[in-house]
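Visitor: quick one: sequence and predicted model below, then my questions.
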Amino acid sequence: MSDDQKSSGDTGAAHSGRGAYDDASTPRDLKIKLKEQRLVIDWKDGERSEFTLAQLRRACPCATCRGEREHADENPLKILKADPTGVRVTSARLMGNYAIQFDWSDGHNTGIFDFRMLRAMGTC
């Protein structure tokens with residue numbers, strides 16, 4: 001995907017066996033605005049979610065970032081690798097019909113953002 005990346009249309013009914021998906025967790029239209037560092041999702045049920053990509057980086061679901069967040073209280077002066085200060089999304093790709101994965105300017109790319117997770121996050 002490139003600047004103002006877009007994926008439109010039906011993402012399919014089968015979602016690789018990862019549990020129940022419905023219109024509330026299935027994108028109808030998905031846009032990544034690289035210049036503004038925003039993700040906009042129009043869901044099949046008519047709702048819209050908008051996220052800053054920095055907010056998504058703070059919520060990265062990969063094991064490394066989750067581990068850092070879970071142990072942050074052990075050393076309050078530690079700077080987390082997941083801190084998005086100055087980090088930008090450079091590209092992204094759909095992961096089957098169930099998620100999106102971002103490439104970050106610091107080389108991080110292991111977080112897979114399931115559409116159900118994004119819908120549950122609402123609008124940031």
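Guide: Looks like it arrived, so ask away.
Visitor: so after the worst-scoring helix or strand of the chain on mean pLDDT, what's the next helix or strand?
Guide: Taking mean pLDDT, DSSP states H and E as the measure, the helix or strand of the chain with the lowest value is strand 5-8, at a mean of 51. Next along the chain after strand 5-8, taking DSSP states H and E as the criterion, comes strand 27-33.
Visitor: for the record, mean pLDDT for that next one?
Guide: Across strand 27-33, the average pLDDT comes to 97.
Visitor: so, low pLDDT: which residues of this protein?
Guide: Residues of the chain meeting the criterion pLDDT under 70: 1-20, 75-84, 123-124.
Visitor: can you show me the helices along it?
Guide: For the chain, helices defined by DSSP state H occupy the ranges 53-58, 63-70, 115-121.
Visitor: nearest to residue 30, out of those?
Guide: For these, distance to residue 30 was read as Cβ to Cβ. The smallest value, 8.9 Å, belongs to helix 115-121. (C-beta placed from N, C-alpha, C; glycine too.)
Visitor: how close does residue 50 sit to residue 57?
Guide: According to Cβ to Cβ, to the nearest Å, residue 50 and residue 57 sit 15 Å apart.
Visitor: quick one, which of the two is more surrounded?
Guide: Legend: neighbour count by other Cβ atoms under 10 Å for residue 50 and residue 57, higher for residue 57 (22 against 15).
Visitor: next, name the residue at the spatial heart of this protein.
Guide: residue 113 (4.2 Å; Cα atoms, centre = their mean).
Visitor: dump the residue contacts of that residue.
Guide: The contact partners of residue 113, taken as Cβ atoms under 8 Å, 6 or more residues apart in numbering, are 56, 61, 99-102.
Visitor: now, among those residues, which is nearest to residue 23?
Guide: residue 99 (17.0 Å).
Visitor: what number of residues lie near that closest one?
Guide: 20.
Visitor: my read: it touches residue 114, true?
Guide: Yes - using Cβ atoms under 8 Å, residue 99 is in contact with residue 114, at 4.6 Å.
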